[in-house]
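Colleague: Have a look at this prediction, sequence included:
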Amino acid sequence: MSTNKQILSKGIKYMAWSLPLYFIGPSVIYNAFKNQHTWLHYIVLSVGIVVCFFAIFLTFKGLKTILNSMFDGNK
């Protein structure tokens, strides 16, 4: 069994995109809670939550892609 390097690099790219989102999402959420006196609080909070969920999604997609490159290299 050999590793499909093209699929492996695709999975690593997913993981690389998820890493900054793990820092950006909580920072945006923190900023939303610090500025509760404005009406933009709910918009900023929802953007932060979406960024956090997208980071988790990219992590799982990256892990799945990496595992597929190692075990299902021919598909």
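Modeller: Received it, and whenever you're ready, just let me know what you need. Since the model is a prediction, treat every value here as computed from it, not as a measurement.
Colleague: What ranges does this protein have for its helices?
Modeller: Using DSSP state H, the helices of the chain run over residues 5-34, 41-71.
Colleague: Make CSV out of these and add mean pLDDT and mean neighbour count.
Modeller: C-beta coordinates here come from the backbone N, C-alpha and C atoms, glycine included. Shown next, in CSV, are the helices of the chain (pLDDT from 0 to 100; neighbours: other Cβ atoms under 10 Å):
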stretch, mean pLDDT, mean neighbour count
helix 5-34, 95, 15
helix 41-71, 95, 15
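Colleague: so how far is residue 65 from residue 59?
Modeller: 11 Å (Cβ to Cβ, to the nearest Å).
Colleague: shared neighbours, those two?
Modeller: Here residue 59 and residue 65 have residue 14 as joint contacts, going by Cβ atoms under 8 Å, 6 or more residues apart in numbering.
Colleague: so residue 15 sits right up against residue 60, yeah?
Modeller: No. In this structure, residue 15 is not within contact of residue 60 by Cβ atoms under 8 Å, at 10.1 Å.
Colleague: Now do the spatially most central residue of the chain against residue 11, distance only.
Modeller: With distances taken as Cα atoms, centre = their mean, residue 55 lies nearest the centre of the chain, 2.0 Å away. From residue 55 across to residue 11, the span is 15 Å (Cβ to Cβ).
Colleague: now do residue 71
Modeller: Separation of residue 71 from residue 11 (Cβ to Cβ): 12 Å.
Colleague: so what's residue 65 up against?
Modeller: Shown in contact with residue 65 (Cβ under 8 Å, 6+ apart): 7-8, 10-11, 14.
Colleague: Swap in 10 Å and give it another go.
Modeller: Applying Cβ atoms under 10 Å, 6 or more residues apart in numbering to residue 65 gives the contacts 7-15.
Colleague: cool, and residue 40?
Modeller: 32, 47.
Colleague: these two touch, right, residue 69 and residue 6?
Modeller: Yes. If you go by Cβ atoms under 10 Å, residue 69 and residue 6 touch, sitting 7.9 Å apart.
Colleague: May I see the contacts of residue 65 organised as a markdown table, with distance to residue 24 added?
Modeller: Shown next, in a markdown table, are the contacts of residue 65 (distance: Cβ to Cβ, whole Å):
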| residue | distance to residue 24 |
| --- | --- |
| 7 | 27 |
| 8 | 26 |
| 9 | 23 |
| 10 | 22 |
| 11 | 21 |
| 12 | 19 |
| 13 | 17 |
| 14 | 16 |
| 15 | 15 |
